[in-house]
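Participant: Quick check, what structure comes out for this input:
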Amino acid sequence: MTPEEVAALIERELPDCEATVERARGAHDDDHLAATVVSPAFEDRSLVDQHELVYDALGDAMTTDIHALELTTRTPGESDGRSR
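Facilitator: As a prediction, this is how the structure comes out:
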């Protein structure tokens, strides 16, 4: 999967989110990715729960197409510099 396809999948499955996905720095193959996902669904959720939402959105791609995912999650308020 391309980074663009991964971003589109996350955005399709996680309503009102914005996903930015690129090849991970220093990755020697195409299946190591880095994603930043901003979503109001992350409000009042633990970091583990936030990441689970993204992994659930990716479904089987996490085991078939993506070898490694460096994941950063933020709420809209965290993304634009406001505190919670």
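
Participant: pLDDT weak spots in the chain?
Facilitator: Filtered on pLDDT under 70, the chain yields the residue ranges 26-31, 80-84.

Participant: okay, now the closest residue to Glu18 other than its chain neighbours: neighbour count?
Facilitator: Once flanking residues are discounted, Glu18 sits nearest to Val38: 4.8 Å by Cβ to Cβ, 6 or more residues apart in numbering. Using the backbone N, CA and C atoms, a C-beta is placed for each residue, glycine as well. Neighbour count for Val38, taken as other Cβ atoms under 10 Å: 19.

Participant: Report the beta-bridge partners for Val38.
Facilitator: Beta-bridge partners for Val38, by DSSP bridges, are Glu18, Arg74.

Participant: residue ranges for the strands of this structure, please.
Facilitator: 18-23, 32-38, 68-74 (DSSP state E).

Participant: Include distance to Asp49 when you put these into CSV, please.
Facilitator: CSV is the format used below for these (distance: least, Cβ to Cβ, whole Å):
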stretch, distance to Asp49
strand 18-23, 17
strand 32-38, 13
strand 68-74, 9
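
Participant: so which of these is the most packed in?
Facilitator: strand 32-38 (a mean of 19; mean count of other Cβ atoms under 10 Å).

Participant: what packs against it?
Facilitator: Judged by 3 or more Cβ pairs under 8 Å, 6 or more residues apart in numbering; DSSP states H and E, strand 32-38 is in contact with helix 3-13, strand 18-23, strand 68-74, helix 76-79.

Participant: Give the closest residue to Leu69 in space, chain neighbours not counted.
Facilitator: Closest to Leu69 by Cβ to Cβ, 6+ apart is Leu33, at 5.3 Å.

Participant: typo on my end, Ser79
Facilitator: Closest to Ser79 by Cβ to Cβ, 6+ apart is Val38, at 4.5 Å.

Participant: what residues are up against that neighbour?
Facilitator: Cys17, Glu18, Ala19, Thr73, Arg74, Thr75, Pro76, Glu78, Ser79 (Cβ atoms under 8 Å, 6 or more residues apart in numbering).

Participant: who's in contact with stretch 1-20?
Facilitator: 21-23, 33, 35-41, 53-54, 56-59, 61, 65-66.
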